[in-house]
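S.K.: Sequence and predicted structure below; questions after.
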Amino acid sequence: MPHEKMRLRLLLTLLSIGGVILTSGLLLSALLLFQKANIEDSLLEGNIAYARKLADTTDRYLETAQRELAWSASQIKALSNIDQLKGETERLRMQSGFFNSVLVVNHDAIIAATSPDSLNLIGIKLHSAASLQAIATQKPFISAPFTSAAGNYVVFLSQPLFSEEGHYLGYIGGTIYLKKQSMLSEILSQHFYNKGSTVSVVSNDGLIIFSHDPALVGTKMLLSLALQKRLANTESGHFTLENNGQSYLTGYGTLHKTGWNVFITGTSETVRHILMRTAESAIWFVLGIIIVTAGVIAFMAGRIASPLEKLADRVRDGGSEAQAESLATVKTWYYEADRLKEAVQAHRHAVAGHMAALNDEAMTDPLTGLCNRRGFSALAAQSDSEHEQCAIAIDIDHFKKINDWYGHDAGDAVLVSLATLLRQLCRTGDIVSRFGGEEFILLLPHTTLADAARTAERIRETVSTTTFPFAGTVTISAGVAFRGEQAGDREALLRRADEALYEAKAAGRNTVMIARAEGFHAVESVR
């Protein structure tokens, strides 16, 4: 005999007792929250977590920016086409939004193109350490902050440019403003953690790279040698600074891309603010918990106790649309809920069986058992992301004569036999369908045009040497088309295959024609 589930009356009793225990536990938690040391630890932990999150976000931003530069670099194989260089720098700046300015520099450090044009820097030779390093290393890098040729305090990202023969041409780079508005400043400014907290980006030696106060950018923060060493050797942590009698509780996270550190800083005033706010809330804390607990118990009693038996009976009689996924999440840890879940599952299985049968009928050609148009579309949609695929359109030659001479039963027998042959001659992953009448469509994923043509020719030869019921010898015509990465959608593929089929019929039937960009080509026999 299976273990009996817990009864609802006992459950509500335990729920009431649990409410009292919960209230006592929350009261104890409220007392602990009044301790100043715990608030400071909590603030520091929050600052560390938030600094780590901002560091990860900034790392992803810089990594994505470098990928954008790398893609643009792959498009530039020569510096002679000024219009191309201008168009690519403008596209990169406007489309990605990562950079405030973009420039292309040749191997002599002379600017070949810029975006925006208002910088008026084309033809100027760069002497900055960042530019010299980009040319010397011929590798991607992120510079230390510096003042650009346009007079802006920036960080510079670059990617090398190579010709088709592998010769170094120069580099494409993007600048990110540190004192003016940029996407980096927007990312850091939007993630504002707590009232009284500040966000800044600082190098290991104390150089302020970003701050909410632009006047501080480029200045030095006084950090002890021990703290500098700690920042260089750890990914995250916290420290406390004393300045003008004020304690600054700082959590930090390190950027892997640059070695910089994101500082989240809160002062002792922040701790006192949290402490005062907690004290004010504590007055109503106990009363609020008691009210919430009583409300939850009343709500659960009203929602669970009376309607479960009635609802279970109605589900058994009238049906349910509940899905297996939603039922699986229901924890039937008491008797009435278990009965309800059992009833919904029984009805769902019955409905699912009927729906599966109806779906099969809607997707399958009743004569041949192959997919019909709807079934073909459903299966083909699953392989639309695959670039290499071919379609073969097949039509039985002079099928009308078969129906006229031998009757429609003979025509149906020919269709059924041909469907069987197509299944045998195709691979497991190929989609074989009857579109109507005597027309069949095959979709061959991961197939080259040459392989598809050989498959079509093999089918044509097999059909021509097979004896069909009633009709005897039958021939087919076929059209083959290929869909590559740039070859349009599935409808275009089927249309090209259909056009090739018409060419095969016009060529005298019993022929396979291939649709190519330059026209249609007949397939030679594979024998």
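M.R.: Here it is on my side, so go on.
S.K.: how many other residues sit next to residue 82?
M.R.: A total of 12 residues lie near residue 82 under the criterion other C-beta atoms under 10 Å. (Each C-beta comes from the backbone N, C-alpha and C, glycine too.)
S.K.: contacting residues around it?
M.R.: 112-113 (C-beta atoms under 8 Å, 6 or more residues apart in numbering).
S.K.: mind checking how far it is from residue 162?
M.R.: Residue 82 sits at a distance of 19 Å from residue 162 (criterion: C-beta to C-beta, to the nearest Å).
S.K.: ok, now residue 130?
M.R.: The gap separating residue 130 from residue 162 is 20 Å, by C-beta to C-beta.
S.K.: Compare these two (neighbour count), which wins?
M.R.: Comparing residue 130 with residue 162 by other C-beta under 10 Å, the one with more neighbours is residue 130, at 22 against 15.
S.K.: give the contact list for the more buried one.
M.R.: Taking C-beta under 8 Å, 6+ apart as the contact definition, residue 130 lies against 143-144, 146, 156, 158, 173.
S.K.: In the residues you listed, find the pair that's most separated.
M.R.: Greatest spacing in these, by C-beta to C-beta: 144 and 173 (14.1 Å).
S.K.: quick one, which of the two is more surrounded?
M.R.: Set residue 144 next to residue 173 and count neighbours by other C-beta under 10 Å: residue 173 wins out with 26 against 15.
S.K.: The more buried one: helix or strand, and which one exactly?
M.R.: If you go by DSSP states H and E, residue 173 is part of strand 168-177.
S.K.: I'd like to know the predicted local confidence at residue 32, please.
M.R.: pLDDT recorded at residue 32 is 47.
S.K.: swap in the one 3 residues further on?
M.R.: The model reports residue 35 with a pLDDT of 54.
S.K.: Check the one 4 residues further on too.
M.R.: Each residue has a pLDDT score; the one for residue 39 is 62.
S.K.: likewise the one 4 residues further on?
M.R.: pLDDT, residue 43: 68.
S.K.: just residue 11 next, same as before
M.R.: On the pLDDT scale, residue 11 is placed at 73.
S.K.: likewise residue 420?
M.R.: 94.
S.K.: swap in the one 3 residues further on?
M.R.: pLDDT recorded at residue 423 is 93.
S.K.: how about the nearest residue to it, chain neighbours excluded?
M.R.: Distances taken as C-beta to C-beta, 6 or more residues apart in numbering place residue 432 nearest to residue 423, at 6.0 Å, with adjacent residues excluded.
S.K.: Can you name every helix or strand that the helix or strand where that neighbour lies contacts?
M.R.: In the assignment (DSSP H and E), residue 432 maps to strand 431-436. Judged by 3 or more C-beta pairs under 8 Å, 6 or more residues apart in numbering; DSSP states H and E, strand 431-436 is in contact with helix 373-381, helix 408-425, strand 439-445.
S.K.: Go again with 6 Å.
M.R.: Under the contact criterion of 3 or more C-beta pairs under 6 Å, 6 or more residues apart in numbering; DSSP states H and E, strand 431-436 touches helix 373-381, strand 439-445.
S.K.: who touches that strand?
M.R.: Strand 431-436 has contacts (C-beta atoms under 6 Å, 6 or more residues apart in numbering) with 365, 368, 370-371, 373, 376, 379, 422-423, 426, 440-443.
S.K.: List buried residues within those residues.
M.R.: 365, 368, 370-371, 376, 422, 426, 440-443 (16 or more other C-beta atoms under 10 Å).
S.K.: on that earlier part again, residue 107 is nearest to which of the helices and strands packed on strand 431-436?
M.R.: Here strand 439-445 is closest among the helices and strands packed on strand 431-436 (C-beta to C-beta), at 46.0 Å.
S.K.: got the angle for the closest one vs strand 431-436?
M.R.: 160 degrees (axes from the mean of the first three to the mean of the last three C-alpha atoms, to 10 degrees).
S.K.: Distance from strand 439-445 to the middle of the chain?
M.R.: 31 Å (C-alpha atoms, centre = their mean, to the nearest Å).
S.K.: Could you dump the buried ones among the contacts of strand 431-436 into CSV and include distance to residue 404?
M.R.: Below are the buried ones among the contacts of strand 431-436 laid out as CSV (distance: C-beta to C-beta, whole Å):
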residue, distance to residue 404
365, 23
368, 21
370, 24
371, 28
376, 29
422, 24
426, 30
440, 21
441, 25
442, 27
443, 32
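S.K.: Nearest to residue 222 among those?
M.R.: Using C-beta to C-beta, the buried ones among the contacts of strand 431-436 come closest to residue 222 at residue 443, 69.6 Å.
S.K.: Double-check that closest one against residue 382; I have them as touching.
M.R.: No - with contact defined as C-beta atoms under 6 Å, residue 443 does not reach residue 382; the gap is 10.6 Å.
S.K.: list residues touching both of those two?
M.R.: Going by C-beta under 6 Å, 6+ apart, no residue sits against residue 443 while also sitting against residue 382.
S.K.: still on that earlier bit, if we go by neighbour counts, what in the strand holding residue 173 is buried?
M.R.: Buried residues in strand 168-177 (16+ other C-beta under 10 Å): 169-177.
S.K.: Secondary structure class of residue 239, three-state.
M.R.: Recorded secondary structure, residue 239: strand (DSSP: H, G, I helix; E, B strand; the rest coil).
S.K.: Which of the helices or strands spans the nearest residue to it once chain neighbours are set aside?
M.R.: In space, and not counting its chain neighbours, residue 239 is closest to residue 250: 5.7 Å by C-beta to C-beta, 6+ apart. Using DSSP H and E, residue 250 sits in strand 246-254.
S.K.: which parts of that strand are buried?
M.R.: Neighbour counts over strand 246-254 (16+ other C-beta under 10 Å) mark 248-254 as buried.
S.K.: Quick check: next helix or strand after that strand?
M.R.: Moving toward the C-terminus from strand 246-254, the first helix or strand encountered (DSSP H and E) is strand 261-267.
S.K.: who touches that next one?
M.R.: 43, 47, 50-51, 54-55, 193, 196-198, 200-202, 231, 246, 248-254.
S.K.: same question for that strand, mean pLDDT?
M.R.: 77.
S.K.: in its sheet, what does it sit against?
M.R.: strand 198-202 (antiparallel), strand 246-254 (antiparallel) (DSSP bridges).
S.K.: Pipe those into TSV and attach distance to residue 410 and mean pLDDT per row.
M.R.: Output for the strands paired with strand 261-267, formatted as TSV (distance: least, C-beta to C-beta, whole Å; pLDDT from 0 to 100):
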stretch	distance to residue 410	mean pLDDT
strand 198-202	82	81
strand 246-254	78	78
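S.K.: could the ones you listed be laid out in a markdown table, adding distance to residue 222?
M.R.: Formatted as a markdown table, the strands paired with strand 261-267 follow (distance: least, C-beta to C-beta, whole Å):
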| stretch | distance to residue 222 |
| --- | --- |
| strand 198-202 | 11 |
| strand 246-254 | 12 |
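S.K.: Tell me, how many residues neighbour residue 78?
M.R.: That count, for residue 78 with other C-beta under 10 Å as the rule, works out to 12.
S.K.: which secondary structure elements does the longest helix belonging to the chain contact?
M.R.: Looking across the chain with DSSP state H, the single longest helix is helix 36-75. Secondary-structure packing of helix 36-75 (3+ C-beta pairs under 6 Å, 6+ apart): helix 82-96, strand 153-162, strand 236-243, strand 246-254, strand 261-267, helix 268-304.
S.K.: Pull out the buried residues from the first one.
M.R.: Right, the one you point to is helix 82-96. Neighbour-count burial for helix 82-96 flags 84-86, 88-90, 92-93, 96 (criterion: 16+ other C-beta under 10 Å).
S.K.: Please apply the same query to the third one.
M.R.: Neighbour counts over strand 236-243 (16+ other C-beta under 10 Å) mark 236-239, 241 as buried.
S.K.: can you name the farthest residue from the center of the protein?
M.R.: Relative to the C-alpha centroid of the chain, counting by C-alpha atoms, centre = their mean, residue 405 is the outermost residue, at 58.3 Å.
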